[in-house]
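Trainee: The sequence and its predicted three-dimensional model are supplied below.
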Amino acid sequence: MSKIKPYKDSDLGKKEQVTQMFDNISENYDGLNRVISFGIDIKWRKKVVKIVKDSNPDTILDIATGTGDLAINLAETQATKITGLDISSGMLEVGKQKIKHKGLDSKIEMILGDSENMPFEDDAFDAITVAFGVRNFETLENGLKEIYRVLKPGGTFVILETSIPTKFPYKQGYNFYSKNILPLIGKVFSKDRSAYKYLSESASVFPYGETLNNILREIGFINVEDFPQTLGVATIYKSSK
């Protein structure tokens with residue numbers, strides 16, 4: 001069972017700590033994301049949307065939806081209903097305001113909930129996405145099993161997650177940036193100074209590439225593929241049920 005250690009010493013469990021962390025950084029999250037990724041995360045999300053759109057889903061679940069960036073992008077598909085699920089009420093509130101501003105209230109619903117114990121029936125969604133969220137699951141396999149449960153047979157599951165470049169000098173450059181620059185940016189711009197250190201550390205130990213592919217296969221997903229992005233600093237994983 002894959003677990004990532006909490007982002008700071010606390011009597012709280014990882015799930016509670018992650019919830020608190022994202023509540024704390026919710027107001028600055030979108031802006032910091034653009035700065036940290038140099039805006040490339042927008043391009044990555046567009047690729048996720050294309051993969052999902054090609055499967056022509058009617059219902060989509062976006063897990064760890066945060067402030068709703070991907071859920072809003074998924075409105076470009078022909079789906080009649082998009083559900084965003086997140087454990088952080090602070091992130092959801094920011095997302096709801098964005099959705100309202102774009103006039104997408106009737107198409108996108110934001111729900112407070114636990115990705116490892118979701119309030120949905122079996123085989124409920126045609127497509128499921130998770131962008132930069134699976135490494136925050138308290139137990140990776142439990143979260144993936146829940147996703148498998150609520151995905152319809154033949155449905156599409158897409159993950160967008162950070163990964164680590166394997167070639168010189170990109171690997172060395174990435175390690176320096178994630179260990180030194182990323183926490184510094186978070187310290188300067190975020191009131192939760194431990195948050196971006198956690199995000200860096202969790203990315204460095206999270207399984208990626210073929211390792212994550214094999215975990216998906218063990219859960220029961222089929223047609224598993226991965227597509228490294230931008231020299232390997234992120235990876236898109238596509239699979240089905």
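Mentor: It's in. From a predicted model like this one, the values you see are computed outputs, not experimental measurements. Numbering: from 1, shown residues only.

Trainee: Give the buried residues for the longest helix along the chain.
Mentor: Here the longest helix in the chain is taken by residue count, with DSSP state H as the criterion, and it is helix 40-54. When burial is assessed from 16 or more other Cβ atoms under 10 Å, helix 40-54 yields the following buried residues: 41, 44-45, 48-49, 51-53. The C-beta positions use only the backbone N, C-alpha and C, and glycine is treated the same way.

Trainee: Flag the least confident of these.
Mentor: In this model, the minimum pLDDT among these belongs to D41 (91).

Trainee: For G220, see how far away that one is.
Mentor: D41 sits 29 Å away from G220, going by Cβ to Cβ, to the nearest Å.

Trainee: just K15 next, same as before
Mentor: 24 Å.

Trainee: quick one, which of those two is more surrounded?
Mentor: Under the criterion of other Cβ atoms under 10 Å, the comparison of K15 against G220 puts K15 first, with 17 against 13.

Trainee: hmm, back to that, output the buried residues of helix 40-54 in JSON lines; the columns should cover distance to K241.
Mentor: Below are those laid out as JSON lines (distance: Cβ to Cβ, whole Å):
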{"residue": "D41", "distance to K241": "27"}
{"residue": "W44", "distance to K241": "23"}
{"residue": "R45", "distance to K241": "22"}
{"residue": "V48", "distance to K241": "18"}
{"residue": "V49", "distance to K241": "20"}
{"residue": "I51", "distance to K241": "15"}
{"residue": "V52", "distance to K241": "14"}
{"residue": "K53", "distance to K241": "18"}
